[in-house]
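**Student:** here you go, sequence then predicted model.
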Amino acid sequence: MSRSGIVFAGNILVDVVKNITGFPQVGMLATITSVKQAVGGAVPNTAIDLAKIDPNIPITALGRVGDDAYGQYVTAMMQAHGINTDGVIVTPDAPTSFSDVMSDVSTGERTFFHARGANALFAPEDIDVDALDCDIFHIGYILLLDTMDEADEEYGTRLARLLAKIQAKGIKTSIDVVSDSSLRFKEKIVPALKYCNYAIMNEIEGCGVSGLNPRKEDGSMDPDNMYATMKMMMDLGVKDRVILHSKEAGFMLDANGAFTYAPAVDIDPALIAGKVGAGDAFCAGCLYGLYTGIDNDDLLDFASAAAVCNLTAADSISGMRTAEEIRKIVENGKLA
């Protein structure tokens, strides 16, 4: 059976990015220097990034938004980039999810204040599995999809059951995770690992599963713990590749046991406008590489360069460039 394209399912929201002069102590004041509305969440961020990398890849979005201005805005933005939004459900039962993103202009670090909204209602029943006609089904974020994260006696979570059904159709499945402070990583992520082909997440989320520290006492990355974490995730059922990323490097382990490491592509600090959506940009680069068959040795470099592009804009999508431009950044070893 011939299929094409990638389906992105899960979180759809609006980011209200507020640049601030610093994070105040409780009860104190910080100045907001600018405010910008932008798309956010796994679906719009990663799907639009991929559409900008390669507009020829068929892309479909699945999820829920509210019957409100935020929902109209984020749907229109996806449509403007050629993304099929027929599967985005407009619900009167909850508002479109949104995040107030507080971004420190002096460091680029950000903190999210999130309203779960319509995303909490997105359910397996919202997806017509029999109608799916794609090569890869990517869903994010686990820990931020309340209904999908609900317990299932047989599969562990309702999302795991959904992924099993999709895999049974011969479609590759891919997951991403949010850095949730409730520390429910094992409870909600482990069931999904058994039914995914690709697990893509950051070092904190991955090591939340293994319980290992991704960093040494001096703060540098611990490659041994990263490898052990990815090996554990493969042993828990990931079929093809585990990919973990941090601000310093990307790490990958495939089904053949090949371990790949690539330091982050360098960038002139003066070009960094923000870090919102950098993980989604890295994920978009990974999915492009997986979809087009980029070799392991080159895939992490490409994904790292895609993430670096993201850093040049305050929002999650404006900094992304085409595949050709990203390859040139890889060749140069730096975005300057």
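**Tutor:** Received the coordinates, thanks.
**Student:** what residues does stretch 139-152 touch?
**Tutor:** 8-11, 41-43, 46, 114, 116, 119-124, 157-163, 173-178, 180, 182, 184-185, 188-189, 191-192, 283 (Cβ atoms under 8 Å, 6 or more residues apart in numbering). Any C-beta I mention is one placed from the backbone N, CA and C, and that applies to glycine too.
**Student:** whichever of these end up buried, select them in ChimeraX.
**Tutor:** Per 16 or more other Cβ atoms under 10 Å, the buried members of the contacts of stretch 139-152 correspond to this ChimeraX selection:
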select :8,9,10,11,41,42,43,46,114,116,119,120,121,122,123,124,157,158,159,160,161,162,163,173,174,175,176,177,178,180,185,188,189,191,192,283
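**Student:** now, which of the contacts of stretch 139-152 lie within helices?
**Tutor:** 42-43, 46, 158-163, 185, 188-189, 191-192, 283 (DSSP state H).
**Student:** with respect to pLDDT, which of the residues you listed ranks lowest?
**Tutor:** Lowest pLDDT within those is found at residue 185 (79).
**Student:** quick one: buried residues of stretch 16-27?
**Tutor:** 16, 17, 18, 19, 20.
**Student:** list the contacts for the second one?
**Tutor:** For residue 17, the contact set (Cβ under 8 Å, 6+ apart) comprises 35, 36, 37, 38, 101, 103, 274, 276, 314, 315.
**Student:** at 10 Å instead, please
**Tutor:** 34-38, 40, 99-103, 110, 274, 276-277, 313-316 (Cβ atoms under 10 Å, 6 or more residues apart in numbering).
**Student:** tell me the SS of it?
**Tutor:** Secondary structure state of residue 17, per DSSP: H, G, I helix; E, B strand; the rest coil, is strand.
**Student:** look up how far residue 40 lies from it.
**Tutor:** Noted for residue 17: a distance of 9 Å to residue 40, by Cβ to Cβ, to the nearest Å.
**Student:** so what sits against both of those two?
**Tutor:** 99, 101, 276, 277, 315, 316.
**Student:** which one of these sits closest to residue 332?
**Tutor:** Nearest to residue 332 among the shared contacts of residue 17 and residue 40: residue 277, at 22.8 Å, using Cβ to Cβ.
**Student:** burial of the nearest residue to that closest one once chain neighbours are set aside, as a residue count?
**Tutor:** When the adjacent residues along the chain are set aside, residue 277 lies closest to residue 316, with 2.7 Å between them (Cβ to Cβ, 6 or more residues apart in numbering). Using other Cβ atoms under 10 Å, residue 316 has 28 other residues around it.
**Student:** hang on, residue 316 packs against residue 282?
**Tutor:** No: at 11.7 Å, residue 316 does not count as touching residue 282 under the criterion of Cβ atoms under 10 Å.
**Student:** overlap in contacts, those two.
**Tutor:** 46, 49, 310.
**Student:** in a markdown table: these, plus distance to residue 326.
**Tutor:** Compiled in a markdown table, those are given as follows (distance: Cβ to Cβ, whole Å):
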| residue | distance to residue 326 |
| --- | --- |
| 46 | 15 |
| 49 | 11 |
| 310 | 11 |
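**Student:** shaky segments in the stretch 151-300 of the chain?
**Tutor:** In the predicted model, the stretch 151-300 of the chain carries pLDDT under 70 at residues 181-183.
**Student:** could you pull out the helices for it?
**Tutor:** 158-168, 185-193, 203-210, 223-235, 278-292, 296-310 (DSSP state H, counting those that start in this stretch).
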